[in-house]
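*Asks:* requesting a structural model of the entry that follows:
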Amino acid sequence: MIGSVVTTDAPIGVFGGTFDPIHHGHLRLALELMEQLRLERVHVVPSKVPVHRETPRASTTQRAEMVRLAVADAPALVLDERELRRSGPSYMVETLTDFRHQFPGLPICLLLGMDAFNALDTWLRWREILDLAHVAVAGRPGAALPTEGPVGDVVRERATTHYSQLRTSLNGRIALGEIPGLDISSSSIRATLSQGRSPRFLLPAEVADYIENEGLYSNGK
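*Replies:* Sure thing, here's the model as predicted:
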């Protein structure tokens, strides 16, 4: 159900992932959507036990520290460790339920890449997500939201091109934002490091220095 509460408060963003490691593609997505949707801030939420990804190579402590370093100079991006403190698999519906309890009167936007959004119907209790938050999908120029299958059905019911609707209701809308393509992935960075090559300019220098000091992603670590 689309939240009917009228509010003048800017929404907060929730951006989850393994961040193994966090890189400029993650950060640019968060910043672009924050500016396009006029979000108050974005909570960057590393997952403890990812459900749709392989087990992270770096520890929870290391991944949290890399996010902390990456967002240190961006006050509107904040490290949020709530999933790292929770036992069991990291289900987004549980994370958003926690956010909703913490911010009962504030619009919340879940930030997703297009690939993740297309597979939304494979997530635990996925329909409940729109009862808890709006969903903002990062697409490249010319991209369109899906029109087929269960996710396409929900798009037809919930999609909006008016970002102001994310501010005037608490949940239930789907918005598409355009993000310039940055062809960077955590897996490619791990491969680069395993080959003894430099990851500079793929991720923040502070994160690259931390990876080097910790000996991460090299020699199978």
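*Asks:* sec struct for Glu33, please.
*Replies:* You called it Glu, but residue 33 is Leu. Secondary structure state of Leu33, per DSSP: H, G, I helix; E, B strand; the rest coil, is helix.
*Asks:* do the same with Ala30
*Replies:* At Ala30 the chain is in helix, as set by three-state DSSP.
*Asks:* and it, how many neighbours?
*Replies:* Using other CB atoms under 10 Å, Ala30 has 27 other residues around it. Where C-beta positions appear, they are placed from N, C-alpha and C, glycine not excepted.
*Asks:* next up, the contacts around it.
*Replies:* Gly13, Phe15, Val42, Val44, Leu77, Leu111 (CB atoms under 8 Å, 6 or more residues apart in numbering).
*Asks:* same thing but at 7 Å, please
*Replies:* Phe15, Val42, Val44, Leu77, Leu111 (CB atoms under 7 Å, 6 or more residues apart in numbering).
*Asks:* can you name the residues bridging to the fourth one?
*Replies:* On the basis of DSSP bridges, Leu77 takes part in beta bridges with Val42.
*Asks:* just the terminal-to-terminal distance for stretch 116-135.
*Replies:* Counting by CA to CA, to the nearest Å, you get 11 Å between the two ends of stretch 116-135.
*Asks:* oops, could you answer that again for stretch 76-92 instead?
*Replies:* For stretch 76-92, the end-to-end distance is 21 Å (CA to CA).
*Asks:* where do the helices of this protein begin and end?
*Replies:* Under the criterion DSSP state H, the chain carries helices at the ranges 24-37, 60-71, 92-102, 114-118, 126-132, 149-158, 165-168, 186-194, 205-214.
*Asks:* packing partners of the third one?
*Replies:* When contacts are defined as 3 or more CB pairs under 7 Å, 6 or more residues apart in numbering; DSSP states H and E, helix 92-102 sits against strand 12-17, strand 108-113, helix 126-132.
*Asks:* if you set the cut-off to 6 Å instead, what comes out?
*Replies:* Of the remaining helices and strands, those touching helix 92-102 by 3 or more CB pairs under 6 Å, 6 or more residues apart in numbering; DSSP states H and E are helix 126-132.
*Asks:* who touches the helix it packs on?
*Replies:* Contacts to helix 126-132, defined as CB atoms under 6 Å, 6 or more residues apart in numbering, come from residues Val93, Leu96, Arg100, Leu120, Asn171, Gly172.
*Asks:* quick revisit: let's have the helices of the chain in CSV, adding distance to Arg82.
*Replies:* Listed next are these as CSV, based on distance: least, CB to CB, whole Å:
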stretch, distance to Arg82
helix 24-37, 17
helix 60-71, 11
helix 92-102, 6
helix 114-118, 19
helix 126-132, 14
helix 149-158, 26
helix 165-168, 22
helix 186-194, 21
helix 205-214, 21
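*Asks:* nearest to Ser194, of the contacts of Ala30?
*Replies:* Ser194 lies nearest to Val44 out of the contacts of Ala30, by CB to CB, at 25.1 Å.
*Asks:* I'd assumed Val14 was in contact with that closest one.
*Replies:* No: shown here, Val44 and Val14 do not form a contact pair, counting by CB atoms under 6 Å, at 8.8 Å.
*Asks:* burial count for Met114?
*Replies:* Met114, neighbours per other CB under 10 Å, totals 17.
*Asks:* again, but for the one 10 residues further on
*Replies:* Other residues within reach of Leu124 by the criterion other CB under 10 Å amount to 12.
*Asks:* just Glu40 next, same as before
*Replies:* Neighbour tally, Glu40, other CB under 10 Å: 13.
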